[in-house]
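> what follows is a predicted structure for the sequence shown.
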Amino acid sequence: MAHMTVGGDAGRADVVTEPLPNTIDPDHFTPRLLALVSNALVWRESHELRRRYGLGTNDWRVISTLAVNPGMAATDIAAYAAMNKAVVSKSVATLLERRLIVLSDGPRGSRPMYLTTAGAEMHDLMLPISLRGQEIVLSHLDSDEIVRLNDLLQRLLDETRALMTLESEALVDGDADS
């Protein structure tokens, strides 16, 4: 392994300047490839949503979730859309300010939310931008491949969630043993 002195630090010989022998091939590492595709799609969507409507992907996710599940609370939206609660809270504040959603009575954190008429109209305007991402992903697949891809991704998602639950439980058990 090659070492070198960096930035005039004559005594430093602890900087690695050559690739390590045991690394991940980034061009064939599936989690990286999935993340890159996802990031590119989210960037495209967010850029278009911001340009056209002054709202981003996180705002869209809240609107989209309420379109499917009217009356969900912020905590439920966070779980359903796999979003951080603070991110949901920020989007909710933006959407309330823009009068795209309303809060109903209930204890903080479990107050049901609903789209307003303007929110439903915004949903319909934003929907084609989101659907375009799906078209990009599926454009080179036939209908059988699309079904298989979606089934595989759903299975991977379910297994990943189960693994995350097991790991969380192991951490809690490990903390209890300490």
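Alright, I've got the coordinates.

> which residues in the protein form strands?
Taking DSSP state E to define them, one finds strands in the chain at 3-4, 15-16, 101-103, 113-115.

> out of those strands, which one sits most buried?
Per residue and on average, the most neighbours among the strands of the chain fall to strand 113-115, with a mean of 19 (mean count of other C-beta atoms under 10 Å). No exception for glycine: its C-beta is placed from N, CA and C like everyone else's.

> partners of that strand, with directions?
Paired with strand 113-115 in the same sheet, following DSSP bridges, are strand 101-103 (antiparallel).

> circling back to that earlier point, mean pLDDT lowest for which of the strands of the chain?
Mean pLDDT is lowest for strand 3-4 out of those, coming in at a mean of 52.

> is it true that Val88 touches Ala78?
Yes. The pair Val88 and Ala78 qualifies as a contact (C-beta atoms under 8 Å) at a distance of 4.6 Å.

> how about stretch 62-73: buried residues?
The neighbour-count criterion (16 or more other C-beta atoms under 10 Å) identifies Val62, Ile63, Ser64, Thr65, Leu66, Ala67, Met72, Ala73 as the buried residues of stretch 62-73.

> so the last one touches Gly106, yeah?
Yes. The pair formed by Ala73 and Gly106 meets the contact definition of C-beta under 8 Å, at 6.9 Å.

> common neighbours of those two, please.
Common neighbours of Ala73 and Gly106, using C-beta atoms under 8 Å, 6 or more residues apart in numbering, are Pro112.

> ranges for the helices of the chain?
30-53, 57-68, 74-80, 85-97, 117-138, 143-177 (DSSP state H).

> which of these sits closest to Thr17?
Go through those one by one with C-beta to C-beta and the one that ends up closest to Thr17 is helix 30-53, at 23.4 Å.

> which residues are in contact with that closest one?
Where contact means C-beta under 8 Å, 6+ apart, the residues beyond helix 30-53 that reach it are 24, 26, 55-57, 59-60, 122, 125-126, 129-130, 132-133, 136-137.

> now that helix: buried residues?
Within helix 30-53, the residues scored as buried using 16+ other C-beta under 10 Å are Leu41, Glu45, Ser46, Glu48, Leu49, Tyr53.

> my read: Leu95 touches Asp59, true?
Yes. Under the criterion of C-beta under 8 Å, Leu95 lies in contact with Asp59, with a separation of 6.1 Å.
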